[in-house]
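Undergrad: after the sequence you'll find the predicted model.
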Amino acid sequence: MSVPLIPIIAIGATLLFFAVVAIWVISVYNGLVTFRNRFKNAFAQIDVQLKRRYDLIPNLVETAKGYMKHERDTLEAVIAARNSAVQANQQAAASPGDMHAIHTLSGAETALTGTLGRLFAVMEAYPDLKANQNMLALQEELTSTENRIAFARQAYNDSVTTYNTARETIPANIVAGMFHFTEAALFEVTTPAEKEVVKVSF
């Protein structure tokens with residue numbers, strides 16, 4: 001007794017359809033994982049530069065302290081802002097792309113940039129400090145670090161934009177929703193003061 005061909009063809013077509021869908025889902029999933037790993041790696045580069053910046057600031061304050069005995073409030077504000085930024089960076093590094101963590105870090109970095117700007121403005125009144133070799137070396141290192149942070153942040157934002165675009169595009173957004181690929185946050189410049197690299201030249 002012969003087997004009807006139509007059911008076999010139908011079954012074969014159905015299996016082929018599901019195989020194609022499965023391959024597509026796997027491909028989209030792997031693509032989203034790749035994009036997510038790229039922005040996490042890009043944040044790791046920011047993290048390296050921010051830690052370098054945080055390490056420089058106490059040395060900067062210690063050098064200034066010897067000359068700026070009457071500027072205790074300014075120096076303490078810099079250290080407090082630096083400590084807040086360190087804590088915010090630790091939270092962001094634990095979950096790169098997380099909206100709350102990145103926005104908190106952005107705010108902490110804005111505050112730190114502001115206090116550093118005030119410190120350098122006050123230093124203008126201390127010519128001996130401006131000529132100090134250790135301060136000049138720290139100034140150069142900080143300028144270099146600020147530039148690296150700016151480049152690293154741009155690379156991170158580019159990677160986040162690529163990831164977010166991939167997860168929002170139809171029909172890839174279906175896979176993104178199924179596997180909980182959440183939106184990643186940009187490390188945005190939110191104030192005019194932060195748009196400029198900290199001016200450390202005297």
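TA: Arrived safely.
Undergrad: and the strands in the chain, which stretches?
TA: Applying DSSP state E to the chain gives no strands.
Undergrad: which residues of it score low on pLDDT?
TA: For the chain, residues meeting the criterion pLDDT under 70 lie at 1-5, 189-202.
Undergrad: can you tell me which helix in it is longest?
TA: helix 5-65 (DSSP state H).
Undergrad: for that one, packing partners?
TA: Helices and strands touching helix 5-65, by 3 or more CB pairs under 8 Å, 6 or more residues apart in numbering; DSSP states H and E, are helix 72-94, helix 99-123, helix 133-168, helix 172-178. C-betas here are computed from N, CA, C, even on glycine.
Undergrad: comparing those helices, which comes out most buried?
TA: helix 99-123 (a mean of 19; mean count of other CB atoms under 10 Å).
Undergrad: related to what we said a few turns ago, how about the helices and strands packed on helix 5-65 in CSV, adding distance to residue 21?
TA: As requested, the helices and strands packed on helix 5-65 are exported to CSV (distance: least, CB to CB, whole Å):
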stretch, distance to residue 21
helix 72-94, 35
helix 99-123, 32
helix 133-168, 19
helix 172-178, 11
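Undergrad: residue 24 is nearest to which of those helices?
TA: Of all the helices and strands packed on helix 5-65, it is helix 172-178 that lies closest to residue 24, at 8.4 Å by CB to CB.
Undergrad: return that closest one as CSV; C-alpha atoms alone will do.
TA: C-alpha atoms of helix 172-178 as CSV (Å, rounded to 0.1, in the frame of the first residue of the first chain):
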residue,chain,number,x,y,z
ALA,A,172,14.8,41.0,15.8
ASN,A,173,12.9,42.8,18.6
ILE,A,174,10.9,39.6,19.0
VAL,A,175,14.0,37.6,19.8
ALA,A,176,15.2,40.5,22.0
GLY,A,177,12.0,40.4,24.0
MET,A,178,11.9,36.6,24.3
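Undergrad: that one: how far from the chain's middle?
TA: 25 Å (CA atoms, centre = their mean, to the nearest Å).
Undergrad: give me the helices and strands touching it, please.
TA: In terms of contacts (3+ CB pairs under 8 Å, 6+ apart), helix 172-178 is packed against helix 5-65, helix 133-168.
Undergrad: what does it contact?
TA: Residues outside helix 172-178 that contact it (CB atoms under 8 Å, 6 or more residues apart in numbering): 25, 28, 29, 31, 32, 166, 167, 168, 181.
Undergrad: residue 161 against residue 188, yeah?
TA: No. Taking CB atoms under 8 Å as the definition, residue 161 is not a contact partner of residue 188, at 11.4 Å.
Undergrad: what about the residue nearest in space to the middle of the chain, distance to residue 76?
TA: For the chain, the residue nearest the mean C-alpha position is residue 43 (4.5 Å; CA atoms, centre = their mean). Look at residue 43 and residue 76: by CB to CB, to the nearest Å, they are 30 Å apart.
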